[in-house]
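Q: With the input below, show me the fold.
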Amino acid sequence: MAPTATTLKQLLQKWRKAVAGTGYPQPPVYTGPDIRLERLVEHTGEVEPGSAFVARVRATSDGHPYIGTALARGAGLIVGERPVGALGIKIPDGVPYLQVDDTAVAMAWLAAAWHDFPARELVMIGITGTDGKTTTSNILHQVLRTAGIRAGLLSTIRAVIGTTEESLALHVTTPEAPVVQQYLRRMVDAGLTHCVLEATSHGLAQRRVGAIDFDMAVVTNITHEHLDYHGSYEAYRAAKARLFENLNHRWGAPARSTQAPAKTAVLNLDDDSYQWLAPIPSGRVLTYGLRPDADVYATNVTYAAASTTYSLHLPEQTESVEATLVGDFNVYNMLAAAAAAHALGIRAELIKAGLEAVQALSGRMERIDAGQPFLTLVDFAHTPNALERAIAAAQRMVQANGRIITVFGSAGKRDVAKRHLMAEISARDADLTVLTAEDPRTESLAEILETMAEGCRAQGEVEGVTFWRIPDRGRAIYHALSLARPQDLVLICGKGHEQSICFGTTEYPWDDREAALTALRALAAGKTMPDLGLPTF
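A: Now for the predicted structure:
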């Protein structure tokens, strides 16, 4: 187990030893007296006497102005990027100040050292991409467990450590480095041998998954997303590429008892990302897709409303798979998981069994049934590519002469360009579109909806006839369901599993699945939609 406390010199020595002979960042030089440290934090509200406070610098925030507060609460160590003379405050005698080039990098390595580098004792599989990361992570986790492997999972939805499952914070991407390292340490202490870790672009860019020795990197796809944060598609791609660059770093002999696999990149041969990711890894590259020139591929794919069947071609043999996951995007997610499992040495029949054991995931094409004569699905699709593929999957599920009715919005303080794109996609591919709120945050919801309405109109849609904008998400879901006829399919996108929706800076409790059930019951009883507590009602 990692210590609950350590000393500054012990922490720096662990970091120094881990990076010896590598190109990884070295710890700052420190020649002062040793001090005892009780916690490693980056938020002043968590500072207690003896805490090490890291003044994290982010794209939208800077921890340096909070150093005074951290000191007042008893911080015993300050880590920052600015020279001590530029802080504008006096650091008390006996409180070391470590100046580093990048506080995000330092936090990652300090957190890993604090927990004795637990990733070195696990076979680490990182999964990234624009869409499908969470689903693929959960599928692979199920396959590993079906094969008898003691595997943990850390995704944007949940952490699974043995039989323990914990939900993560609202709107979380990859957790911060100290949280990631703490979970990895708990996995090691629980006797697990493998970890499937979902690595978002934010998590990669902000070094939250730094100081982790990855054995495998898996990509689902890379399309338009998070340009609000990254600034450009090139920067977004570069963040994703860090996971694959990690495979080229050598740490020496791992500390794990389980035999480590060869460093492996698992790439989608059918996605544009393949062309620029393939040259990055210096080790093994394994491909998947629907093309027979992929190492792992599918043929004879048949889509049904409640299942998908296909022939899974692995390098050593072919298996017939009947899975409960629906849509072509889930075929790709299953292929990615199957390729990763194959690279880990899992037999084909166990991969098949694992894929067939996966149940529909929370908020991913999840059916909502209140006895209505039409299909209702809730999905997390919140990017142009994900929405397009969700509608395509719905088209295969809808009955003859049935229509597809979509409900979705676009988040505030996020990528602006996708608002118009998503509306255009729905107007083009669905039959009816209802535009609504999706975490407008501090932006004007009216302006977001107007931008989306422009996308619908650009496709020749007519407001009030083929598309509607209804600010209240509950009323929007109710309206879409009221439009549905037998054989139709209502697709509610954007929130999926999430349990809140943000207006201004307030998180309001919200669940699309519960809202859909409430709306269906109200319709069946001939009642209007009740107030579900949003400020737009």
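
Q: check contacts around residue 446.
A: By CB atoms under 8 Å, 6 or more residues apart in numbering, the contact set of residue 446 is residue 471. For every residue, glycine as well, the C-beta is placed using N, CA and C.

Q: buried sites along stretch 459-467?
A: 459, 461, 467 (16 or more other CB atoms under 10 Å).

Q: how about the residues you listed in a markdown table, adding pLDDT and distance to residue 131?
A: Converted to a markdown table, these look like this (pLDDT from 0 to 100; distance: CB to CB, whole Å):
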| residue | pLDDT | distance to residue 131 |
| --- | --- | --- |
| 459 | 97 | 22 |
| 461 | 97 | 25 |
| 467 | 98 | 24 |
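
Q: now, which of those lie within strands?
A: residue 467 (DSSP state E).

Q: count of neighbours near residue 527?
A: 11 (other CB atoms under 10 Å).

Q: Need the phi and psi values for it.
A: Dihedral pair for residue 527: phi -110, psi 160, per degrees, to the nearest 10.

Q: mind listing the helices in the stretch 151-300 of the chain by residue range?
A: Here the stretch 151-300 of the chain has its helices, by DSSP state H, counting those that start in this stretch, at 177-189, 201-205, 227-230, 233-245, 273-277.

Q: Buried residues of the helix or strand harbouring residue 13, list them for me.
A: Following DSSP states H and E, one finds residue 13 within helix 8-19. Neighbour counts over helix 8-19 (16+ other CB under 10 Å) mark 8, 10-12, 14-15, 18-19 as buried.

Q: Which positions in stretch 490-509 come out as buried?
A: The neighbour-count check on stretch 490-509 (16+ other CB under 10 Å) flags 490-498, 501-503, 508 as buried.

Q: Looking at the buried residues of helix 8-19, which one is closest to residue 213?
A: residue 18 (9.1 Å; CB to CB).

Q: show me the contacts for the closest one.
A: 24, 109, 112-113, 117, 120, 211, 251.

Q: and stretch 167-186, which residues are buried?
A: Within stretch 167-186, the residues that count as buried by 16+ other CB under 10 Å are 168, 172-186.

Q: low pLDDT regions in the stretch 101-250 of the chain?
A: For the stretch 101-250 of the chain, the stretches flagged by pLDDT under 70 are 169-173, 224-231.

Q: where exactly do the strands run in it?
A: 123-128, 151-154, 158-161, 164-167, 194-198, 216-219 (DSSP state E, counting those that start in this stretch).

Q: tell me the angle the first one makes with helix 233-245.
A: When axes from the mean of the first three to the mean of the last three CA atoms, to 10 degrees is applied, the directions of strand 123-128 and helix 233-245 differ by 170 degrees.

Q: Partner strands of strand 123-128, with direction?
A: strand 194-198 (parallel), strand 216-219 (parallel) (DSSP bridges).

Q: Which of these sits closest to residue 71?
A: The nearest among the strands paired with strand 123-128, by CB to CB, is strand 194-198 at 34.3 Å.

Q: and the angle from the closest one to helix 177-189?
A: Strand 194-198 runs at 160 degrees relative to helix 177-189, counting by the same axes, to 10 degrees.

Q: neighbouring contacts of strand 194-198?
A: Outside strand 194-198, the residues that reach it (CB under 8 Å, 6+ apart) are 119, 122-128, 133-134, 137, 140-141, 144, 149-156, 174, 180, 184, 187, 209, 212, 258, 344.

Q: and if we set it to 7 Å?
A: Residues from elsewhere that reach strand 194-198 (CB atoms under 7 Å, 6 or more residues apart in numbering): 122-127, 133-134, 137, 140-141, 144, 149-156, 174, 184, 187, 209.

Q: again with stretch 452-466
A: For stretch 452-466, the external contacting residues (CB under 7 Å, 6+ apart) are 410, 419-421, 423-424, 427-428, 432-433, 435, 467, 469.

Q: Hmm, residue 315 and residue 295 touching each other?
A: Yes - here residue 295 reaches residue 315: they are 6.1 Å apart, a contact under CB atoms under 7 Å.

Q: who's more crowded, these two?
A: Taking other CB under 10 Å, residue 295 and residue 315 do not tie; residue 295 has more neighbours (19 against 10).

Q: can you tell me which residues contact the more buried one?
A: 286-288, 315, 339.

Q: What is the strand ranked longest in the chain packed up against?
A: In the chain, with assignment by DSSP E, the single longest strand is strand 296-303. Other elements packing on strand 296-303 under the criterion 3 or more CB pairs under 7 Å, 6 or more residues apart in numbering; DSSP states H and E are strand 284-289, strand 308-313, helix 328-343.

Q: Report the distance from the helix or strand that the longest one is followed by to the chain centre.
A: Per DSSP H and E, the first helix or strand lying C-terminal to helix 328-343 is helix 348-357. The chain centroid and the centroid of helix 348-357 are separated by 24 Å under CA atoms, centre = their mean, to the nearest Å.

Q: Residue 280: what's it in contact with?
A: Residue 280 is in contact with 241, 244-245, counting by CB under 7 Å, 6+ apart.

Q: need these in JSON lines with distance to residue 370 and neighbour count, can you?
A: As requested, the contacts of residue 280 are exported to JSON lines (distance: CB to CB, whole Å; neighbours: other CB atoms under 10 Å):
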{"residue": "241", "distance to residue 370": "45", "neighbour count": "19"}
{"residue": "244", "distance to residue 370": "45", "neighbour count": "26"}
{"residue": "245", "distance to residue 370": "49", "neighbour count": "15"}
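
Q: closest to residue 277 among the residues you listed?
A: Using CB to CB, these come closest to residue 277 at residue 244, 5.7 Å.

Q: Confirm for me that that closest one is in contact with residue 278.
A: No - with contact defined as CB under 7 Å, residue 244 does not reach residue 278; the gap is 9.2 Å.

Q: In contact with residue 43, which residues?
A: Residue 43 touches nothing, counting by CB under 7 Å, 6+ apart.
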